[in-house]
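Student: Okay, here's the prediction I keep looking at, along with the sequence it came from:
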Amino acid sequence: MLLKKRTVLSFPIAALVAALMTGPPTIAAVKATTESLARFSRHHHCHFTVEDAYSTGKGTYIGMPPSTVPRDIKTISELVKWLRAKLPACTIWRDKLDGRIIHVAYTKALKWKANPMNQRLTFRGTMSLPQVASRIIHKKFRQTGLYCEGYQRVGCFPDVQGIAIERTYRDTVMDFDVRGMTLRRFLSTGMVYNLKGRYPPPIVWRTDYFLKHGRFTGRVDIYVFAMPLRAAPSAAAKKQAGPSSK
């Protein structure tokens, strides 16, 4: 069973998703010079993963990506350069296996030995993502929760949409054969996500690291916004060929 969602971050997460969905401010002068990160993502067929740090003492995030970007940014490379300047506490890079994925990660977290995102998974089986969350990830990393959020438009029967999203995650089962893959790699390219349609999710998944007095507490919350379709070839169980006929 999927872990019960922790509610402490429900408002910040909802605010981020709402900001990405609604686009740039309506003030004409601002609208003329900026566009939403979600719109840039759609136009350039790129998507993001975010690993942010949450300071429990200050109640603030450290590496929250901006919801709008300047319109004079025309390429993914230009966006990466701009984000690096905007988020000095983060390391930002394009994925080596899928250049459409832009990783935004709290730099210090990339060096933590206790960070589950840096550690490797090995497992086999036919499971949905909620089952992977409870049977594999939470058992291996006791302070890590993975929550299947989906990507829904704000203000349109959210309860009904939430039920449909939960059912889709639950009913989408995948054949996995994951061998020595980091959790970061598994979430990024270990599954094929549904990134088509009119409003694809700009952020595929998001990780929140909890800090207290500037130190990592061990608690990690992972939110998956994209909908998986199947295991990617690198993480899929290989089908056995039947006996050949002569």
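Tutor: Great, that's in hand.

Student: Quick check: the residue most central in space within the chain vs Gly57, distance?
Tutor: In the chain, the residue lying closest to the centroid (CA atoms, centre = their mean) is Trp205, at 0.7 Å. Per CB to CB, to the nearest Å, Trp205 is found 26 Å from Gly57. (Glycine included, C-beta is placed from N, CA and C.)

Student: What of Cys90?
Tutor: Distance of Cys90 to Gly57, computed by CB to CB: 20 Å.

Student: Looking at those two, which has the bigger crowd around it?
Tutor: Comparing Cys90 with Gly57 by neighbour count (other CB atoms under 10 Å), the higher total belongs to Cys90, at 24 against 9.

Student: Pull the contacting residues for that one.
Tutor: Listed by CB atoms under 8 Å, 6 or more residues apart in numbering, the contact partners of Cys90 are 63, 83-84, 104-107.

Student: Beta-bridge partners for it, please?
Tutor: Tyr106 (DSSP bridges).

Student: and if you look at Trp205?
Tutor: So, taking DSSP bridges as the rule, Trp205 has Thr49, Val224 as bridge partners.

Student: Can you tell me how far it is from Ala164?
Tutor: Applying CB to CB to Trp205 and Ala164 gives a distance of 20 Å.

Student: Now Ser55: closest residue in space, sequence neighbours ignored.
Tutor: Leu211 (5.1 Å; CB to CB, 6 or more residues apart in numbering).

Student: now the helices: where do they sit in the chain?
Tutor: 10-22, 28-33, 37-44, 76-86, 129-132, 138-140, 158-171, 183-189 (DSSP state H).

Student: any idea which of those scores lowest on pLDDT?
Tutor: Mean pLDDT values for these show the minimum at helix 10-22, a mean of 46.

Student: from memory the residue nearest to Ser55 sits against Thr56, does it?
Tutor: Yes - counting by CB atoms under 8 Å, Thr56 is a contact partner of Leu211 at 6.6 Å.

Student: ok so, going back, so the residue nearest to the centre of the chain sits against Phe225, correct?
Tutor: Yes - between Trp205 and Phe225 there is a contact under CB under 8 Å: 6.5 Å.

Student: that older thread, in the sheet, who's paired with the residue nearest to Ser55?
Tutor: With DSSP bridges as the rule, Leu211 is bridged to Ser55, Phe216.

Student: Check the gap between it and Arg185 for me.
Tutor: 24 Å.

Student: burial of Arg184, as a residue count?
Tutor: Counted with other CB under 10 Å, Arg184 comes out at 22.

Student: actually Leu97, not the one I typed
Tutor: Based on other CB under 10 Å, the number of other residues close to Leu97 is 10.

Student: switch to numbering from 571
Tutor: Renumbered: residue one is now 571, and that last one reads Leu667.

Student: Pull out the buried members of the contacts of Cys660.
Tutor: 633, 653, 674-677 (16 or more other CB atoms under 10 Å).

Student: ok, the closest residue to Gly720 other than its chain neighbours - contacts?
Tutor: Using CB to CB, 6+ apart and skipping residues adjacent in sequence, the residue nearest Gly720 is Ile735, 3.4 Å away. Ile735 makes contact with 718-720, 722, 797, according to CB under 8 Å, 6+ apart.
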